[in-house]
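Asks: give me a model of this one.
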Amino acid sequence: MEVDAWGKSDHKGEGEGEASKRRNIDSDAEVAVWDRELMWLQMDLEELCTETKAVRKKVLVGEEVGKSVNSDAELTKRTEPEIMMKREAAREIHFEVEGTGKSVKIEADAEWNSGKGEVMRKREGARKRGSKGKGKGKAVNMYYAEKLQRELEKYEEYKKRMEEEFDPNSEEVTDPYAFEARSFEKWWNDVYARTGYGRFEDNTSIPCKRFTFDPAPCGAIKCETLQVFSVKVAELTGGLQWPLDVFGMVALRDTMDFNRNIIFECGRDNCQTLTDENPYLVLTGPVRGVLLCDYVVFEVSLYVRGTSKSDDKELNLLAIKVRSDSCPSASLLIMQSYTSRLSTLGFKLGHIISSVEATISVKVISGPPDGFHGKFFASTDSIEHEILLHNSGDEELHQTGDEISLSRSVVSVESHRKLTVSVRASDGYVTSTGTKDFEPQEKGTSSKEIDIAGLCLLEVTVAWSLIYHS
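Replies: Modelled structure (predicted):
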């Protein structure tokens with residue numbers, strides 16, 4: 001579970017440096033290509049040198065032929081004209097072969113010099129392009145370095161100004177939750193009032209039992225919901241002492257309509273007295289299931305009544321986003337607390353998966369003539385914590401035929417688990433307990449009787465509904 005307060009990343013400037021790197025890589029690759037071309041030309045030159053050696057060998061053979069002719073002339077004592085003719089022929093062969101060898105070498109040298117020159121020119125061009133790309137990369141890096149330096153200078157100026165303006169006694173420091181809560185109304189009006197969600201102070205217009213009898217539209221589902229088990233003033237600070245006469249409001253805003261779903265509300269003339277032994281607020285809601293999609297806003301404005309209005313104190317101001325863990329495999333119990341200048345407010349919550357809305361009502365079938373008192377609870381086997389639906393106290397009596405007006409009647413139930421309704425009843429002499437289990441449904445109602453032996457017979461009805469988020 002994550003908690004947000006009220007409140008952009010700059011990705012500009014990436015890409016030009018990367019492009020510079022790619023230009024450098026391309027240039028180096030091109031140089032490598034021309035190095036390979038140079039290697040092939042060297043191999044060609046070696047082949048031509050081999051051919052040249054072969055030609056020179058032929059020259060030597062020609063010279064040997066000339067020598068042999070001279071020997072034969074001496075041995076056979078041929079005539080001088082014949083000898084001269086053969087010697088001349090040998091010389092011509094020698095000069096022809098030698099000339100051929102020189103020609104081959106000259107051609108090879110010319111081809112080598114031409115190829116080498118082209119390769120060297122292209123290598124040099126590639127190096128220049130690489131150097132140019134690296135230069136651009138350096139320019140890009142310098143640009144962003146200068147930009148970062150300017151941003152740092154601005155931050156230092158801002159930090160210095162904040163230090164000069166810092167007030168250790170300001171509400172932003174002493175009670176940041178209250179400081180944020182005061183800006184919540186402006187934020188809500190800027191975001192939602194202009195888009196057709198009504199006024200900031202509007203309560204939700206979506207009722208419970210929405211699809212108990214009417215067909216659910218496409219999109220109505222068993223969804224994740226937020227269960228509120230209890231809200232209490234866990235700790236006092238700032239000189240406050242028990243008991244406290246508390247008034248004000250606690251409301252939830254979900255993404256179904258972003259309006260208030262009130263779970264506690266008392267006027268100044270109708271305060272609830274909290275003590276150290278019983279610091280729990282008497283919850284009267286929610287009036288419908290609370291959708292836990294993305295987040296739920298807890299809006300709290302609680303005050304302590306003084307001897308006059310001018311003596312009233314802010315007990316706790318809060319406007320906080322409570323986010324869910326994404327897609328848990330099982331329902332979760334969640335404990336959250338928020339400390340203000342004068343108190344710590346504690347919430348016991350449940351993240352209920354694959355849930356349906358259950359609206360509970362109780363009717364007295366029979367009971368003692370003078371009536372009875374009772375405490376009514378609901379619980380689920382997915383999270384074993386009871387939800388107090390109603391406490392009649394010592395002054396409220398329930399008699400035969402009464403429809404008991406429960407303080408809160410809507411709970412969320414995991415669809416593949418069970419709902420348990422229990423009653424602890426007393427007539428002042430006898431105290432007994434009775435329970436009934438209900439299997440969750442997607443629509444319709446379930447009714448069962450709870451027979452509290454020797455005291456009363458109650459009929460408990462549960463109206464089931466899916467939750468629709470358009």
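Asks: the helices in the stretch 151-300 of the chain, which residues?
Replies: Shown for the stretch 151-300 of the chain, the helices assigned by DSSP state H, counting those that start in this stretch span residues 171-174, 176-191.
Asks: which stretch in those helices is the model least sure about?
Replies: When these are compared on mean pLDDT, helix 171-174 scores lowest, with a mean of 81.
Asks: other SSEs contacting that one?
Replies: Applying 3 or more Cβ pairs under 8 Å, 6 or more residues apart in numbering; DSSP states H and E, we find helix 171-174 packed against helix 176-191. (C-beta placed from N, C-alpha, C; glycine too.)
Asks: quick check: buried residues in the helix it packs on?
Replies: Residues Y177, A178, F179, E180, A181, F184, W188 are the ones in helix 176-191 that count as buried (16 or more other Cβ atoms under 10 Å).
Asks: distance check, the second one against T339.
Replies: So that's A178. From A178 across to T339, the span is 11 Å (Cβ to Cβ, to the nearest Å).
Asks: go through the longest strand seen in the chain and flag the buried ones.
Replies: The longest strand of the chain (DSSP state E) is strand 343-366. Neighbour counts over strand 343-366 (16+ other Cβ under 10 Å) mark 343, 345-364 as buried.
Asks: direction included, what does that strand pair up with?
Replies: Strand 343-366 has its sheet partners listed here by DSSP bridges as strand 223-236 (antiparallel), strand 332-339 (antiparallel), strand 403-404 (antiparallel), strand 410-414 (antiparallel), strand 456-465 (antiparallel).
Asks: need the CA coordinates for that strand. PDB is fine.
Replies: Extracted C-alpha coordinates of strand 343-366, given in PDB (Å, rounded to 0.1, in the frame of the first residue of the first chain):
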ATOM      1  CA  SER A 343      -3.000  14.000  17.300                       C
ATOM      2  CA  THR A 344      -2.300  10.700  15.500                       C
ATOM      3  CA  LEU A 345      -5.200   9.300  13.500                       C
ATOM      4  CA  GLY A 346      -5.200   5.500  13.000                       C
ATOM      5  CA  PHE A 347      -7.000   3.600  10.200                       C
ATOM      6  CA  LYS A 348      -7.600  -0.200  10.100                       C
ATOM      7  CA  LEU A 349      -8.500  -1.000   6.500                       C
ATOM      8  CA  GLY A 350      -9.000  -4.000   4.200                       C
ATOM      9  CA  HIS A 351      -8.100  -4.500   0.600                       C
ATOM     10  CA  ILE A 352     -10.800  -6.900  -0.500                       C
ATOM     11  CA  ILE A 353     -10.200  -8.700  -3.800                       C
ATOM     12  CA  SER A 354     -12.900 -10.000  -6.200                       C
ATOM     13  CA  SER A 355     -15.600  -8.600  -4.000                       C
ATOM     14  CA  VAL A 356     -19.300  -7.800  -4.100                       C
ATOM     15  CA  GLU A 357     -21.300  -5.200  -2.200                       C
ATOM     16  CA  ALA A 358     -23.400  -6.400   0.700                       C
ATOM     17  CA  THR A 359     -26.100  -4.200   2.300                       C
ATOM     18  CA  ILE A 360     -27.400  -5.600   5.700                       C
ATOM     19  CA  SER A 361     -30.700  -4.900   7.400                       C
ATOM     20  CA  VAL A 362     -32.100  -6.400  10.600                       C
ATOM     21  CA  LYS A 363     -35.700  -6.800  11.800                       C
ATOM     22  CA  VAL A 364     -36.900  -7.900  15.200                       C
ATOM     23  CA  ILE A 365     -39.300 -10.800  14.800                       C
ATOM     24  CA  SER A 366     -39.800 -11.300  18.500                       C
END
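Asks: and the next element down the chain from it?
Replies: Using DSSP states H and E, the helix or strand that follows strand 343-366 towards the C-terminus is strand 373-380.
Asks: where does K154 land on pLDDT?
Replies: K154 is assigned a predicted lDDT (pLDDT) of 87.
Asks: burial of it, as a residue count?
Replies: The local packing of K154 (other Cβ atoms under 10 Å) involves 10 other residues.
Asks: distance of it from R161?
Replies: 11 Å.
Asks: again with F264
Replies: Distance of F264 to R161, computed by Cβ to Cβ: 42 Å.
Asks: which of the two has more residues huddled nearby?
Replies: The residue with more neighbours, out of F264 and R161, is F264; 21 against 10, by other Cβ under 10 Å.
Asks: with adjacent residues omitted, what lies nearest to the more buried one?
Replies: Leaving aside its sequence neighbours, F264 sits nearest to V250 (Cβ to Cβ, 6 or more residues apart in numbering; 4.1 Å).
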